[in-house]
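J.: Quick one: sequence plus predicted model below, questions after.
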Amino acid sequence: MINKLFDLTGKIALVTGASRGIGEQIAKLLAQSGAHVIVSSRKIEGCQTVVDSIIAEGGSAQAIACHIGEMDQIASIFNQISQEHGKLDILVNNAAANPYFGHVLDTDLNAFQKTVDVNIRGYFFMSTHGAKLMKASGGGAIVNVASINGVTPGDYQGIYSITKAAVISMTKTFAKECAQFNIRVNALLPGGTDTKFASTLVNNPKILEQLMHHVPMKRVAQPEEMAGTVLYLVSNASSYTTGTSINVDGGFLIG
């Protein structure tokens with residue numbers, strides 16, 4: 001039985017970047033909690049694999065491809081959600097780009113533009129489209145997956161860190177202006193997590209050793225360890241929580 005504080009029965013949830021890693025685990029937990037989950041990422045094949053897994057476990061889900069760096073694809077996915085479901089209750093902005101690892105002075109325009117287009121412009125317009133649907137049906141919850149790098153810039157992750165700081169500020173802005181529509185907006189700040197996305201960090205022994213020096217728990221996270229915080233933030237358990245950023249980082253930001 002699902003605890004009623006965390007019961008998402010009847011909710012429509014959209015999770016981006018959900019074909020693997022943190023997004024996949026978020027999608028699966030929301031489905032286990034009763035939501036119909038729209039699993040989205042750039043490639044439909046990976047999304048469908050996650051959907052098949054959710055359905056095999058008795059959950060409800062569908063796959064819709066969307067590259068959040070492309071404005072026409074953002075408009076398209078929300079048009080489809082509106083036509084098929086008539087509402088959106090939960091949006092998890094998890095898809096992100098981090099194409100460049102190196103000194104900030106060597107950042108080229110292509111890497112800069114791709115990172116900004118996805119991590120700032122993409123999150124912004126996913127949120128505006130999502131919030132408009134939520135407003136029309138009485139409210140909802142948005143969770144932006146930012147990063148501890150948005151608080152303390154990661155070594156050789158300059159433009160990525162800058163965009164994640166923007167996501168934290170964006171979260172506060174949407175929370176402040178959308179509260180009147182019964183829309184709550186919060187952010188998850190993951191620390192080092194064992195995903196393909198973070199493989200440059202967690203699979204490099206020298207970098208990993210430096211990271212562990214700052215993590216009191218002395219390990220990286222598994223993707224599923226991020227999902228519970230998101231469930232809290234989109235459920236009635238956090239009904240008076242908005243505009244906050246929750247660190248899930250093994251203590252990294254303690255200092």
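T.: Cool, the structure landed.

J.: quick one: the helices in this protein?
T.: 21-32, 44-56, 71-85, 109-116, 123-136, 158-178, 199-202, 205-212, 224-234 (DSSP state H).

J.: Confidence-wise, which of those is weakest overall?
T.: Note on those: lowest mean pLDDT is at helix 199-202, with a mean of 64.

J.: returning to that earlier point: need the helices of the chain in CSV with mean neighbour count and distance to Asn93, can you?
T.: The way it works is simple: take the backbone N, C-alpha and C, and place the C-beta from them, glycine included. Output for these, formatted as CSV (neighbours: other C-beta atoms under 10 Å; distance: least, C-beta to C-beta, whole Å):
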stretch, mean neighbour count, distance to Asn93
helix 21-32, 26, 10
helix 44-56, 17, 16
helix 71-85, 15, 11
helix 109-116, 16, 15
helix 123-136, 20, 5
helix 158-178, 20, 8
helix 199-202, 16, 21
helix 205-212, 13, 25
helix 224-234, 21, 11
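
J.: looking at those helices, which is closest to Ala97?
T.: helix 109-116 (5.1 Å; C-beta to C-beta).

J.: Could you export the closest one as PDB, CA atoms only?
T.: Output of helix 109-116 as PDB, limited to C-alpha atoms (Å, rounded to 0.1, in the frame of the first residue of the first chain):
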ATOM      1  CA  LEU A 109      31.400  28.600 -28.500                       C
ATOM      2  CA  ASN A 110      29.800  25.300 -29.500                       C
ATOM      3  CA  ALA A 111      30.200  23.800 -26.000                       C
ATOM      4  CA  PHE A 112      29.000  27.100 -24.400                       C
ATOM      5  CA  GLN A 113      26.000  27.300 -26.600                       C
ATOM      6  CA  LYS A 114      25.000  23.600 -26.300                       C
ATOM      7  CA  THR A 115      25.200  23.800 -22.500                       C
ATOM      8  CA  VAL A 116      23.300  27.000 -22.200                       C
END
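
J.: So which residue is smack in the middle of this structure?
T.: In the chain, the residue lying closest to the centroid (C-alpha atoms, centre = their mean) is Asn94, at 2.3 Å.

J.: you'd agree it is up against Leu14?
T.: No. Between Asn94 and Leu14 there is no contact under C-beta atoms under 8 Å: 10.0 Å.

J.: Give me the distance between the two termini of stretch 242-252.
T.: 23 Å (C-alpha to C-alpha, to the nearest Å).

J.: Report the buried residues of that stretch.
T.: For stretch 242-252, a neighbour-count test (16 or more other C-beta atoms under 10 Å) marks 242-243, 245-250, 252 as buried.

J.: which residues touch the closest residue to Gly154 other than its chain neighbours?
T.: Among residues not flanking Gly154 along the chain, Ser161 sits closest, at 5.4 Å (C-beta to C-beta, 6 or more residues apart in numbering). Residues counted as contacts of Ser161 (C-beta atoms under 8 Å, 6 or more residues apart in numbering) are 147, 149-150, 153-154.

J.: For Leu133, which non-adjacent residue is spatially closest?
T.: Nearest-residue entry for Leu133: Leu88, 4.2 Å, with adjacent residues in sequence omitted and distances by C-beta to C-beta, 6+ apart.

J.: State the number of residues packed around the one you found.
T.: For Leu88, the count of nearby residues is 24 (other C-beta atoms under 10 Å).

J.: quick one: it from His36, how far?
T.: Applying C-beta to C-beta, to the nearest Å, the value for Leu88 to His36 is 11 Å.

J.: Thanks a lot, catch you later.
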